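Chemist: Got a predicted structure here, sequence first:
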Amino acid sequence: METGRIEKQAPLAVALAYPSPYPVAMSSLGFQRIYRALQEAPGVMCERVFLPDDLRDPGPGATTYESGRPLAAHRVVAVSVAYELEVAGLAQLLLLAGVPPLAEERRESHPFVLAGGPLTFSNPLPLSPFVDAVVMGEAEGMIADVCRVIDDAPTKAAARAALAAMPHVFVPELHGSELPDSAKADASLLPAWGPIRTPDTALSGMFLIEAERGCSRRCTYCVMRRSTNGGMRLVPPEVILERVPRDADKVGLVGAAVSDHPKIVELVESFTARGASVGLSSLRPDRLSDAFVGALARNGARALTTAMDGASERLRGTLERKAKETHLVRAAERAKAHGMTRLKLYLMVGLPTETGEDIDECVRFTTELSRILPLSLGIAPFCAKRNTPMDGAGFAGVDVVDDRLDRLRRGLRGRVEVRATSAKWAWVEYVLAQGAAAEGRAVLEAVRDGASFASYKRAFARLPASRERRRLRVVEVEDRPA
């Protein structure tokens, strides 16, 4: 059951789509922000469309959540894409709607497909075969105008031409692979906040709001580093406190570097005084002061979650991370002192120059941490992204990543909980992150072939050789289940 839905009727009805199921979509603050921007714009309304939970049993198919209107019946479909693997979700959503996935195959009677979302900060080129246009960057200040331009144009070709002349809009048919710069929302539009609260997500009824946007740090692997869209923009605490409804008993403070907000301790304490629990999206170990950890504990946190990123101090140095062993030890000690029962650390495996010695150092150090407080490791294989200093770095290889994960598990067995995402699907993500339109078309092949890992491997293997493909250093992997 939702609260906060904005009911509206208007001449221009946009299908606002998310290429993942409802629980994922409604946990996205960006998706909710665009929903609010369209619902607040004169003459424009939107209804939401989600990928079914189970594509084998899609129910009514690609229809709007609000009224059940078919996605295909809309003049404009606006889709928010967060990361590379959701490109397949877009293809699946269009197929489910009976809309040709490839833009070149759609007629005037089909919807105009407009994309945006976090993927545009890195590499939206794999979206090129599926979309008519892409809004780059922070779209809340221009999404309604873009939709009006599409609606006012007599033909799709005219709409594409008009959009190509607008700043921050990428039209693949006209721009090729030349991407415009990213839009930056006016400060008056900050903070983003989600109007809808629902128990049917992992965040279960949480009110989402930005504490800041962007980041002032220089981590070499991260798309949202200090050079992206002007670095970090802070939201004053009084603005946050005023915007959060008094009946919100769970608040999610969102941003790329929430713990870098200079008033973060005061914010947590203020919500504690209200009786609201707080979730924070990004905690940096060098910011976990005793006052901060204490504030989190008094708010009800029983686990402290932060990132160590690289397996060794040397690797963290190459990433330009400020996370030192001393910071992580102090974080564990402070968490224990304030009554927390677990430390959770995020870690990447498969970084350039990583060796078995780095993994062994991780085993040694995390074993020491586990003697202070029970420890869990959440591990993801490293995927180099465009628009970062590590763009073009090779993927370590599925077998290499799996071997290092095995080495970690063996070394930590019985002492540290280890959970890792699939090396195979990380490889698929990597190929798309470094790819372009050809890789996007390969996604459609894979989806039509069953969307298994083996399907992606076959589709990518059929791509023509090129400089871009050669630098991917794609490794041969076995067809074991993902």
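Modeler: Thanks, I have it. Numbering: from 1, shown residues only.
Chemist: Could you list the low-pLDDT ranges of this protein?
Modeler: 465-482 (pLDDT under 70).
Chemist: May I ask you to name the longest helix in it?
Modeler: helix 356-372 (DSSP state H).
Chemist: Summarise which helices and strands that one is packed against.
Modeler: helix 313-318, helix 325-337, strand 342-349, strand 375-381, helix 398-412, strand 416-420 (3 or more Cβ pairs under 8 Å, 6 or more residues apart in numbering; DSSP states H and E). In short, each C-beta sits where N, CA and C put it, glycine included.
Chemist: what ranges do the helices span in the stretch 51-200 of the chain?
Modeler: In order along the chain, the stretch 51-200 of the chain carries the following helices (DSSP state H, counting those that start in this stretch): 86-97, 143-152, 156-164, 172-175.
Chemist: Quick one: closest of those to residue 238.
Modeler: Nearest to residue 238 among the helices of the stretch 51-200 of the chain is helix 143-152 (27.7 Å), distances taken as Cβ to Cβ.
Chemist: Would you mind listing the buried residues in the closest one?
Modeler: Buried positions in helix 143-152, judged by neighbour count with 16 or more other Cβ atoms under 10 Å: 143, 144, 146, 147, 148, 149, 150, 151.
Chemist: Just confirm residue 365 contacts residue 325, I think it does.
Modeler: Yes. Counting by Cβ atoms under 8 Å, residue 325 is a contact partner of residue 365 at 6.1 Å.
Chemist: before we move on, back to that, now the helices of the stretch 51-200 of the chain in JSON lines, with distance to residue 354?
Modeler: Formatted as JSON lines, the helices of the stretch 51-200 of the chain follow (distance: least, Cβ to Cβ, whole Å):
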{"stretch": "helix 86-97", "distance to residue 354": "28"}
{"stretch": "helix 143-152", "distance to residue 354": "41"}
{"stretch": "helix 156-164", "distance to residue 354": "43"}
{"stretch": "helix 172-175", "distance to residue 354": "36"}
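Chemist: Would you mind finding the most buried of those?
Modeler: The highest mean neighbour count among the helices of the stretch 51-200 of the chain, using mean count of other Cβ atoms under 10 Å, belongs to helix 86-97: a mean of 24.
Chemist: about what we covered before: residue 193: which of the helices and strands packed on helix 356-372 is closest?
Modeler: So among those, strand 342-349 is nearest, using Cβ to Cβ, at 25.6 Å.
Chemist: what helices or strands is that closest one leaning on?
Modeler: So strand 342-349, by 3+ Cβ pairs under 8 Å, 6+ apart, packs with strand 303-309, helix 325-337, helix 356-372, strand 375-381, helix 398-412.
Chemist: would a markdown table of those with distance to residue 182 and mean neighbour count be doable?
Modeler: Shown next, in a markdown table, are these (distance: least, Cβ to Cβ, whole Å; neighbours: other Cβ atoms under 10 Å):
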| stretch | distance to residue 182 | mean neighbour count |
| --- | --- | --- |
| strand 303-309 | 25 | 21 |
| helix 325-337 | 32 | 20 |
| helix 356-372 | 34 | 17 |
| strand 375-381 | 25 | 21 |
| helix 398-412 | 31 | 18 |
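Chemist: now these in a markdown table, with distance to residue 463?
Modeler: Output for these, formatted as a markdown table (distance: least, Cβ to Cβ, whole Å):
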| stretch | distance to residue 463 |
| --- | --- |
| strand 303-309 | 31 |
| helix 325-337 | 41 |
| helix 356-372 | 32 |
| strand 375-381 | 21 |
| helix 398-412 | 18 |
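Chemist: so which of the ones you listed gets nearest residue 277?
Modeler: strand 303-309 (12.9 Å).
Chemist: Let me see the domain layout of this structure.
Modeler: What the record gives for the chain is the domain set 12-175, 187-420, from automatic domain parsing.
Chemist: Looking at the buried residues of helix 143-152, which is nearest residue 122?
Modeler: For the buried residues of helix 143-152, the minimum distance to residue 122 (Cβ to Cβ) is 19.5 Å, reached by residue 143.
Chemist: shouldn't that closest one be in contact with residue 37?
Modeler: Yes. Applying Cβ under 8 Å, one finds residue 143 in contact with residue 37, separated by 5.3 Å.
Chemist: for the closest residue to residue 78 other than its chain neighbours, what are its contacts?
Modeler: Distances taken as Cβ to Cβ, 6 or more residues apart in numbering place residue 114 nearest to residue 78, at 4.8 Å, with adjacent residues excluded. By Cβ atoms under 8 Å, 6 or more residues apart in numbering, the contact list for residue 114 reads 76, 77, 78, 79, 131, 132, 133, 134, 135, 146, 147, 150.
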